[in-house]
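Engineer: Kindly generate the corresponding structure for this input.
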Amino acid sequence: MLPIAGPNAGLFRQRPGEPGRNSCDCKLNAPISVVVPTRNAASLIGGTLASLYEGLDIGLIRDLVICDGGSRDAIAEIADEVGAVLVRSEAGRGTQLAAGAAAAKGDWLLFLHADTRLSPGWTSEVAAHMEGSPEKAAYFKLEFDSNSSAARAVAAWANFRSRVFDLPYGDQGLLLSRELYDSIGGFPRIPVMEDVAVAKRLKGRMLMLNCKASTDASRYEERGWLRHGLGNLALFARHQLGAKPESISEKYSRR
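Structural biologist: Residues are numbered from 1 along each chain as shown. This next block holds a predicted model:
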């Protein structure tokens, strides 16, 4: 069974320039394209899409682009059911995100992972950012869908790292104008560390929004919070020392 059905089916199927179901009272001229990379993520994406309906209700979202890297699940059926644009590309998150951005029609881009769910009220924060700081990118506070103390500690570290070092990761989402996206050259077409590469290009031009992005904790829970966290840190260190993204990707896929 597909994770989206009933009255919500087809909600993202809007003609270019068509507003959402209600008018946007923030008087923004730049509606959002949401770009979601997928690879065998059909079982996870339902919660992500459900959290976006709030943006449809006030007319913030223009289109949804699902950029798929060779899934063998029902993602094509899901994209058709909800009215998303489905873009096929080579596997690799940077490559997929670049392809999705190229297909997006909005003047603003919101990049989200397929297992990232935005907290209620996110539209107010996003609208305020678009109106007040259009020259900057934005990201969300990270949390995990787990109540464990380890989950809270890892999220706290990620949010500290983001604020202090200007280094949010992809599971915190990324909102920026098309103009800013193009000015930094967009996402590099690399398999991993694309979020780090873009954060470096945006250094000094990012703000944390006062709302949360909740991400799936299953990989941490399967491998152990400490082990997985240290593994991520080791991959980041290799990247900083000059390892090629392809080499890092091989290590990542073995985990």
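Engineer: where in the chain is pLDDT low?
Structural biologist: Across the chain, the ranges flagged by pLDDT under 70 are 1-9, 14-30, 250-255.
Engineer: Spatially central residue in it, please.
Structural biologist: residue 112 (1.4 Å; CA atoms, centre = their mean).
Engineer: Quick one: residues contacting that residue.
Structural biologist: Going by CB atoms under 8 Å, 6 or more residues apart in numbering, residue 112 touches 34, 35, 36, 48, 118, 173, 213. Where C-beta positions appear, they are placed from N, C-alpha and C, glycine not excepted.
Engineer: Adding secondary structure as columns, could you present those in a markdown table?
Structural biologist: What follows is these, written out as a markdown table (DSSP: H, G, I helix; E, B strand; the rest coil):
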| residue | secondary structure |
| --- | --- |
| 34 | strand |
| 35 | strand |
| 36 | strand |
| 48 | helix |
| 118 | strand |
| 173 | coil |
| 213 | strand |
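Engineer: can you list these in CSV and add neighbour count and distance to residue 153?
Structural biologist: CSV is the format used below for these (neighbours: other CB atoms under 10 Å; distance: CB to CB, whole Å):
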residue, neighbour count, distance to residue 153
34, 29, 30
35, 28, 30
36, 27, 28
48, 25, 24
118, 26, 22
173, 25, 21
213, 23, 17
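Engineer: ok, those vs residue 182, which is closest?
Structural biologist: Nearest to residue 182 among the contacts of residue 112: residue 35, at 14.2 Å, using CB to CB.
Engineer: gap between the closest one and residue 234?
Structural biologist: 28 Å (CB to CB, to the nearest Å).
Engineer: Which parts of the protein are strands?
Structural biologist: With strands called from DSSP state E, the chain shows them at 32-38, 61-68, 85-88, 108-111, 116-118, 137-144, 174-177, 206-215.
Engineer: With respect to residue 197, which of those lies nearest?
Structural biologist: Residue 197 lies closest to strand 174-177 among the strands of the chain, at 11.9 Å (CB to CB).
Engineer: Dump the closest one to PDB, keeping only the CA atoms.
Structural biologist: Only the C-alpha atoms of strand 174-177 are listed here, as PDB (Å, rounded to 0.1, in the frame of the first residue of the first chain):
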ATOM      1  CA  LEU A 174      18.300  23.600   3.200                       C
ATOM      2  CA  LEU A 175      16.300  26.600   2.100                       C
ATOM      3  CA  LEU A 176      17.700  29.200  -0.200                       C
ATOM      4  CA  SER A 177      16.700  31.300  -3.200                       C
END
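Engineer: what's in contact with it?
Structural biologist: Under the criterion CB under 8 Å, 6+ apart, residues 30, 32, 107-111, 126, 129-130, 134-139, 168, 195, 198, 202, 209 lie in contact with strand 174-177.
Engineer: And those, which of them are buried?
Structural biologist: Buried subset of the contacts of strand 174-177 (neighbour count, 16 or more other CB atoms under 10 Å): 30, 32, 107-111, 126, 129-130, 136-139, 168, 195, 198, 202, 209.
Engineer: Tell me which stretches of the stretch 1-150 of the chain form helices.
Structural biologist: For the stretch 1-150 of the chain, the helices defined by DSSP state H, counting those that start in this stretch occupy 45-57, 75-82, 93-103, 122-132, 149-165.
Engineer: what does the last one contact?
Structural biologist: So the one you mean is helix 149-165. Under the criterion CB under 8 Å, 6+ apart, residues 139, 141-144, 167-169, 172, 208, 217, 220, 225-226, 229 lie in contact with helix 149-165.
Engineer: again, 6 Å this time
Structural biologist: For helix 149-165, contacts defined as CB atoms under 6 Å, 6 or more residues apart in numbering pick out 141, 142, 143, 144, 167, 168, 208, 217, 225, 229.
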